[in-house]
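Q: give me coordinates for this.
(one chain, ligands or ions: 1)
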Amino acid sequence: MALNEVMTPENPRWNEFADILAEAINAQDEPGVSDCKHDFSSTRKILTEMGNIDIEASINVFMENGGYCDCEIILNVDPGPEDEDFEEEEEI
Ligand SMILES: [Zn+2]
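A: Have a look, this model is predicted:
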């Protein structure tokens, strides 16, 4: 019996999930334009393909963090590279 993981930003596979999801809804190129159907259809498909994910528990976490559909997961749940606590400083 495999233990299913919950997909959260702390999950080691989060970036993999977020990348595929962003690509699936075209959120990466133009933030205002996406193919989001305002449901979790892409999320469910990706998590199913990744395997060993508790999809319902993961979606509950997304909703708790303001992600009520595929695009909102990218917008509100994904911490994104720019939110990380380091800044690129160029020192000469
Ligand atoms: Zn959406």
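Q: please count neighbours and contacts with C-alpha atoms only from this point.
A: Will do.
Q: what about Lys45, how many residues nearby?
A: Per other C-alpha atoms under 10 Å, the neighbour tally for Lys45 reads 12.
Q: relative to the ion, how far out is it?
A: Relative to the ion, Lys45 is positioned 15 Å away (C-alpha to the ion, to the nearest Å).
Q: same deal with Ser41?
A: 10 Å.
Q: number of nearby residues for Gly51?
A: Neighbour tally, Gly51, other C-alpha under 10 Å: 11.
Q: go on, Pro12?
A: When neighbours are counted by other C-alpha under 10 Å, Pro12 registers 10.
Q: show the pLDDT at it.
A: pLDDT recorded at Pro12 is 96.
Q: same question for Lys37.
A: Looking at Lys37, the pLDDT reads 89.
Q: A helix includes it, no?
A: No - using DSSP: H, G, I helix; E, B strand; the rest coil, the assignment for Lys37 is coil, not a helix.
Q: quick one: residues contacting it.
A: Cys69, Asp70 (C-alpha atoms under 8 Å, 6 or more residues apart in numbering).
Q: could you measure it against the ion, distance?
A: 6 Å.
Q: how about the residues of this structure by the ion?
A: Contact residues, the chain versus the ion (C-alpha under 5 Å from the ion): Cys36, His38, Cys69, Cys71.
Q: any quick ChimeraX command for the buried ones out of the residues you listed?
A: The ChimeraX selection below is limited to those of these classed as buried (16 or more other C-alpha atoms under 10 Å):
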select :36,69,71
